[in-house]
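>>> model this:
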Amino acid sequence: MSGNAAQSETIHHLSKTFRDVPLKELDDSSVVAAQLAGSSLAFTELVSRYQKRLLNFIYRTIGDRERSEDLVQEVFVRVHRHLHRFDQEKKFSTWIYTIASNLAKNELRNRSRNPLVLFQTIKKNWDSEDRPVEFEDPHYRPDDLFRKRHLREMVEWSVAQLPQHHRVVFVLREIEGKTYEEIADITGCNLGTVKSRLNRARNRFAQVIEPLID
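Numbering: from 1, shown residues only. You can find the predicted model right below:
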């Protein structure tokens, strides 16, 4: 059997398999394989899994909601265009976060925004429901809610003070919950650099927010 014939048979087999199993039950690698095998719904499934997560990540990095939405769309354009180049031995989540991180860093590099403007944008647009840590609860008394809202604003502002390369690793680790290895892959840095930047980011964050809390 020729190489082309074998490849066609493999794609046919994959297509049949993916028709028999709901996409939502597949892991990322299998959904990617389904897309490459010609599934008309697989890419929609990838968008569904990552759209909100990437929007939150980019938004917390650049502080501009509308621009973040544009960049998320650009992420998926690039994923769709280059998916055939993706190394399926690696994690899809790392690959797509790397694309998102690069776009966010390019956006920041092309701007001249001072921390105050960044904070004002974050404060205006960052809804509490987007954060994985719940800052508000309807059972709290009004004065407790006020303190929690104030704390959230201080956290947002303090994150905005971090240098861009420190802010990226801080957001990926402390908010997105990525491992050191994933952050290294996403940012293109070695583990030592990731740990060093994260340590400096944590120290700087503590220095900035401590006087505000006191």
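
>>> roughly how far does E153 sit from L212?
9 Å (CB to CB, to the nearest Å). (C-beta placed from N, C-alpha, C; glycine too.)

>>> looking at those two, which has the bigger crowd around it?
E153 (16 against 13; other CB atoms under 10 Å).

>>> which strand or helix spans the more buried one?
Using DSSP states H and E, E153 falls within helix 142-160.

>>> what's downstream of that helix, the next helix or strand?
helix 164-170.

>>> got the contact list for the residue lying closest to L108 once chain neighbours are set aside?
Nearest residue to L108, sequence neighbours excluded (CB to CB, 6 or more residues apart in numbering): Q164, at 5.0 Å. Contacts for Q164 (CB atoms under 8 Å, 6 or more residues apart in numbering) come out as 105, 108-109.

>>> swap in R49?
Contacts of R49 (CB under 8 Å, 6+ apart): 28, 31.

>>> which secondary structure state does the nearest residue to Y50 once chain neighbours are set aside sit in?
Closest residue to Y50 apart from its sequence neighbours, by CB to CB, 6+ apart: I96 at 5.8 Å. Following DSSP: H, G, I helix; E, B strand; the rest coil, the label given to I96 is helix.

>>> my guess is I96 contacts L54. True?
Yes. Checked against CB atoms under 8 Å, the pair I96 and L54 is within contact range at 7.1 Å.

>>> separate out the buried members of the contacts of Q164.
105, 108 (16 or more other CB atoms under 10 Å).

>>> run the chain-centre distance for stretch 183-191.
Distance of stretch 183-191 from the chain centroid (CA atoms, centre = their mean, to the nearest Å) equals 14 Å.

>>> do stretch 94-103 as well
Put simply, stretch 94-103 sits 8 Å off its chain's centre (CA atoms, centre = their mean).

>>> many thanks, have a good one.
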